[in-house]
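> quick check, what structure comes out for this input:
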Amino acid sequence: MKFTETDTKLIQLIKRRNLSFQREKEYNIVFKEIYQLFDKTPTQLIKEARAEQQPFIDDKGNPRILELDERKVNNYQFYFVISIIYFCFLNVMWICIK
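The predicted model follows:
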């Protein structure tokens, strides 16, 4: 799936930043991996992150905003970085075995 051709938010970002074709290819690679990990498009991730930024009323009736460490987007970033580290580790191990 080419997110730079199908995802509205990503298309807008590319046009706004006037990205090169090579950079678009890199964005497609990264967002394809993110989609495979979390089953979410860039637009879905943005929508979810914005919803978590909004104030809400907690169980006790108090207005509240989620702390940064409570937001899903932080977990997504963490798991994405871990998957990259794991991938690099596997490649190093593969090279060592050869």
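
> which residues touch the nearest residue to residue 52 once chain neighbours are set aside?
The shortest distance from residue 52 to any non-neighbouring residue, by CB to CB, 6 or more residues apart in numbering, is to residue 71 (4.6 Å). Any C-beta I mention is one placed from the backbone N, CA and C, and that applies to glycine too. For residue 71, the contact set (CB atoms under 8 Å, 6 or more residues apart in numbering) comprises 49, 52-53.

> next, format those as a markdown table and append secondary structure, neighbour count and distance to residue 42.
Converted to a markdown table, the contacts of residue 71 look like this (DSSP: H, G, I helix; E, B strand; the rest coil; neighbours: other CB atoms under 10 Å; distance: CB to CB, whole Å):
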| residue | secondary structure | neighbour count | distance to residue 42 |
| --- | --- | --- | --- |
| 49 | helix | 14 | 11 |
| 52 | helix | 16 | 16 |
| 53 | helix | 11 | 17 |
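
> tabulate these in TSV, adding columns for distance to residue 79.
Below are these laid out as TSV (distance: CB to CB, whole Å):
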residue	distance to residue 79
49	15
52	16
53	20
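
> with respect to residue 41, which of these is nearest?
For the contacts of residue 71, the residue nearest residue 41 by CB to CB is residue 49; the value is 12.8 Å.

> which ones are touching that closest one?
Residue 49 makes contact with 71-73 under the criterion CB under 8 Å, 6+ apart.

> please repeat the previous calculation with a cut-off of 7 Å.
residue 73 (CB atoms under 7 Å, 6 or more residues apart in numbering).

> please determine how far it is located from residue 65.
13 Å (CB to CB, to the nearest Å).
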